[in-house]
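> The following comprises the amino acid sequence and a computationally predicted model.
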Amino acid sequence: MNYFKNFRLFLIPLVFLTTKCQFSNFYPDPDDQGLSRFTSRGYNVASTYINERPYRNTGSYYPLLQKDSTGSTIDTLQFKWQLYPNDPVFIQPAYRNISFTMPVPQSFNKTSLLAFNRQRFLNSEAVTLEDSTGKMITGTATLYFVSVNEAILSDQKYIQLSGLFDGNIGDSVFIKKGRFDFEINESSLNF
């Protein structure tokens with residue numbers, strides 16, 4: 001009997017630590033508890049409202065930032081991350097991930113990405129949501145890269161990206177108050 005009591009005492013902190021670590025960089029905005037604070041520190045966190053429901057990325061998944069070749073003079077830059085409901089009542093996610101695609105020249109490189117610093121792209125970028133069934137729905141978004149800069153940590157180079165976004169897909173899906181703060185290892189970039 002004592003064995004089970006000791007096991008429970010061990011298991012409870014373990015469960016707490018593993019669930020707490022998953023969202024370790026999510027610090028609620030004091031003015032809007034559904035969103036993370038807006039930071040520019042490479043916390044690898046993003047949050048937004050989709051149809052008034054709060055979503056965030058999970059701490060163990062990093063964003064995808066890649067250039068896709070189209071075979072013409074214009075390529076596509078894809079910026080994508082997973083979504084997870086940020087509401088204890090709303091556990092079943094309606095959407096799995098969000099991605100933004102931007103047309104970029106074939107010559108797009110790291111210097112081009114760093115030039116996104118303080119750039120705003122108004123209602124001109126494609127935003128795609130993947131719903132829980134795997135269906136993709138696409139609309140338009142505004143992206144504002146508040147900060148894009150290079151950082152060196154432990155002899156490795158990183159790109160730190162932070163910004164804001166809003167968008168809509170038709171007149172039924174509304175993405176509001178979006179914010180992101182990511183740190184991406186330069187060795188993972190394909191440009």
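That came through, no problem.
> where do the strands sit along this structure?
Ranges of strands within the chain are 28-29, 32-36, 45-50, 53-56, 64-68, 74-82, 84-85, 95-105, 119-131, 136-153, 156-169, 173-185, based on DSSP state E.
> of the ones you listed, which approaches Phe191 most closely?
strand 64-68 (4.3 Å; C-beta to C-beta). Placement of C-beta: from N, CA and C, glycine included.
> can you pull the contacts of Val104?
Val104 makes contacts with 67, 74-77, 112, as judged by C-beta atoms under 8 Å, 6 or more residues apart in numbering.
> switch to 6 Å and redo it
75, 77 (C-beta atoms under 6 Å, 6 or more residues apart in numbering).
> got it, and Ser69?
Contact analysis of Ser69 by C-beta under 6 Å, 6+ apart lists Asp75.
> I'd like to know how far it sits from Phe116.
Distance of Ser69 to Phe116, computed by C-beta to C-beta, to the nearest Å: 20 Å.
> coming back round to it: packed most tightly, which of the strands of the chain would that be?
Among the strands of the chain, strand 45-50 has the highest mean neighbour count (mean count of other C-beta atoms under 10 Å), at a mean of 23.
> contacts for that one?
Here strand 45-50 makes contact (C-beta under 6 Å, 6+ apart) with 25-26, 35-36, 55-57, 81, 175-178, 180-181.
> go with 7 Å
Strand 45-50 has contacts (C-beta atoms under 7 Å, 6 or more residues apart in numbering) with 25-26, 34-36, 54-57, 81, 86, 95, 173, 175-181.
> can you give me the angle it makes with strand 74-82?
90 degrees (axes from the mean of the first three to the mean of the last three C-alpha atoms, to 10 degrees).
> Direction included, what does strand 45-50 pair against?
Strand 45-50 has the following strand partners under DSSP bridges: strand 53-56 (antiparallel), strand 173-185 (antiparallel).
> Centre of the chain to it, how far?
Computed by C-alpha atoms, centre = their mean, to the nearest Å, the chain-centroid distance of strand 45-50 equals 7 Å.
> what is the orientation angle of that strand with strand 95-105?
Using the same axes, to 10 degrees: strand 45-50 against strand 95-105 is 110 degrees.
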